[in-house]
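A.B. asks: pasted the sequence and its predicted model underneath.
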Amino acid sequence: MTDNVTQIASLGLPTLVVSDASEQIESALGSSETTFRVTALSSYAEANSLISSSRFASVIVDLRGSKNEFALLLPRLGNLSPKPHVTVLASAQMADTVRAMPAVDQVLEGIFDTADLAKAAVPAAPLEELPEPETPGIEGPQTPQLENPDTSGPVQVLMFPRAFSSDFMPEDVSVVAMGTVRPEAIVLTEEGVARKLSMSLPKAVVRATPIIDLTGKNRDIADYTTTLKGAAGLEEAMHHIRPMVDRMRDLPDAIFMTEREDDILLARLVIRNQGIDPILRPDIESTVFVREALLFEDFEGVAKRLVDRKLLKSQVFMKTNCCPACDSARLLVREECRACRSTNINEVAIIHHFRCGTQAPESDFKKDNGVLECPKCMNRLDAFSVDYDRPGSMMICGDCGNETGEAAIGIKCLDCGVHNDAAQMKPKVHYKYVLADTAMRHLASAFVDSPTQARPQTDVGAVLRNFCREMDSARSDFTVLLLKLDPTGALRQEHGERGVRGTTHLVERNLRETLMWDAKIVHWAGGLIALLPGAPSAAVDEELPGIIAEARRNIALNFEPQISVLDGAKVRNMVRQNV
């Protein structure tokens, strides 16, 4: 192992690893010869919560897996005090984009052995030199990663990816830096930055915040595009999006940190005060363009859920036919020969000679001098409706000579080239959506005093009964540890549900790491229950002060737990009394 690992272990602060392969990484580092303290998570929500309440010397974020939301942690890490050393594990294609982010100190590319993670464990300053962390800005259950803007002041504008040089800015505009204040408008100053933007800001911020395009190259995701350059373009655009900003300020701040896509789409539409109106675009395969479909992977599913909840109303916009091979709606419809499918067919008039009853194409009757003569009886046809008439027409193929009354209708896909008959096309219905009058009220009520989604409540009695049966079968003594982490409610009142969850998570990890006995730990409404087979209650009492002290050392929030140590006999008595 490298000296870096030894140094990080001596600091006391752990390394946080956020990865799809969190268990493998934790196991590999934990089995090393060096005592390496690592907290490994595979959940974005848990990692986001833990960052609010804990201190880390270094953080490793693995972006090589399927969970792209891990990238949303990076702006938050850059604002921590003290800032941990941040390493990102990225693919070669993503490395340059990630390397440009201010919070990132190191990028490791490609696939490598777990031992190489030692390179990422670069320690921060020694523990005694670390400043006291500022109290995290946790005011409620849906605390934003970014500071909320001043809704009484100028519009907080983020120039992305960089601000243009100008001595003049509109007086009602304040340019903010990435990772400081949540922007109220995003101004795109370069083309092709949609992916980079989605990796740099929380999902709800990117999808709901009004976007201005100063390049003319980001029209698909922008709410307003201007041809004016620099500050003049910004001033023009602000005039058009200012009503959106005003409606945005009326929404609860917690909306902009939610992960619920239904609420994000609804907030986007409320801010724009409009539903969803598709437009026809021949430059795309579907020919029907919906901007929101670029922002939401399962847009149709999200929209349908909102319709089912009566927050959107759907109406048919258009029905199209699509290629059965590639789903493209860019189709070439053509008349074809029924025999050989050639398009070299011609429609010709048919002449009916009354006297002999002959019916044939007009070309069979017409002589070089223009006179009509029956090819059967050789009589001359002089007067229309006296000698002959034209009862209809027929289609003649110029390639195979096939004659038929009607041509076949064939369809060729302009994108994949597959040829099919009209009956084989796939029908598709495109909808437009009208915003319901109740949408704003729903958002306002859904994010006021709504708790963060918590773990399901645990039936403590059932847990203890089952554990007692297991211990009785094994004829083993045991001890049960009950921890109420916020018995007075002071922690929740000061730091919100997220602070409580982060504290609970870290205390649980400390219990697993420091208890001498194998413990089964379950969550309940008040905190944690640790079930300790074969553990004497006196020994657990002796260990507890050190365990709690270790937990406090790594948690930035003050908490005063209430702890009960119950020996097996007492628990069995409680179970008999149905407690």
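C.D. replies: Great, that's in hand.

A.B. asks: what helices or strands is whichever helix or strand V61 is part of leaning on?
C.D. replies: Under the criterion of DSSP states H and E, V61 resides in strand 58-62. The contact analysis (3 or more C-beta pairs under 8 Å, 6 or more residues apart in numbering; DSSP states H and E) places strand 58-62 against strand 15-18, helix 73-77, strand 85-90. In short, each C-beta sits where N, CA and C put it, glycine included.

A.B. asks: run the chain-centre distance for the last one.
C.D. replies: Offset of strand 85-90 from its chain centre (C-alpha atoms, centre = their mean, to the nearest Å): 21 Å.

A.B. asks: sheet-wise, list the partners of it with their directions.
C.D. replies: strand 58-62 (parallel), strand 106-109 (parallel) (DSSP bridges).

A.B. asks: buried sites along the following helix or strand past it?
C.D. replies: For strand 85-90, the following helix or strand on the C-terminal side (DSSP H and E) is helix 92-99. Within helix 92-99, the residues scored as buried using 16 or more other C-beta atoms under 10 Å are M94, A95, T97, V98.

A.B. asks: how far away from the center of its chain is helix 92-99?
C.D. replies: Worked out by C-alpha atoms, centre = their mean, helix 92-99 lies 19 Å from the chain centre.

A.B. asks: same question for stretch 186-196.
C.D. replies: Using C-alpha atoms, centre = their mean, the offset of stretch 186-196 from its chain centre is 18 Å.

A.B. asks: in what helix or strand does V307 lie?
C.D. replies: Using DSSP H and E, V307 falls in helix 299-308.

A.B. asks: if you count neighbours, what's buried in that helix?
C.D. replies: Residues of helix 299-308 classed as buried: F299, V302, A303, L306, V307 (neighbour count, 16+ other C-beta under 10 Å).

A.B. asks: okay, these in TSV with pLDDT next?
C.D. replies: Shown next, in TSV, are the buried residues of helix 299-308 (pLDDT from 0 to 100):
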residue	pLDDT
F299	94
V302	94
A303	96
L306	95
V307	95
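
A.B. asks: single out the most deeply packed of the strands paired with strand 85-90.
C.D. replies: Greatest average neighbour count among the strands paired with strand 85-90 goes to strand 58-62 (a mean of 25), per mean count of other C-beta atoms under 10 Å.

A.B. asks: now that strand - C-alpha only, PDB.
C.D. replies: Extracted in PDB, the C-alpha atoms of strand 58-62 (Å, rounded to 0.1, in the frame of the first residue of the first chain):
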ATOM      1  CA  SER A  58     -11.200  12.600   0.700                       C
ATOM      2  CA  VAL A  59     -14.100  11.600  -1.500                       C
ATOM      3  CA  ILE A  60     -14.000   9.200  -4.500                       C
ATOM      4  CA  VAL A  61     -16.900   9.400  -6.900                       C
ATOM      5  CA  ASP A  62     -17.200   6.600  -9.400                       C
END
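
A.B. asks: so how far is it from its chain's centroid?
C.D. replies: For strand 58-62, the distance to the chain centre is 20 Å (C-alpha atoms, centre = their mean).

A.B. asks: next, the angle from that strand to helix 92-99.
C.D. replies: Angular relation of strand 58-62 and helix 92-99 on a 0 to 180 degree scale: 140 degrees, by axes from the mean of the first three to the mean of the last three C-alpha atoms, to 10 degrees.

A.B. asks: got a list of contacts for the helix holding V307?
C.D. replies: 261-262, 265-266, 276, 290, 292-293, 296, 312-314, 431, 433 (C-beta atoms under 8 Å, 6 or more residues apart in numbering).

A.B. asks: same thing but 6 Å
C.D. replies: E261, D262, L265, E292, A293, F296, L312, S314, Y433 (C-beta atoms under 6 Å, 6 or more residues apart in numbering).
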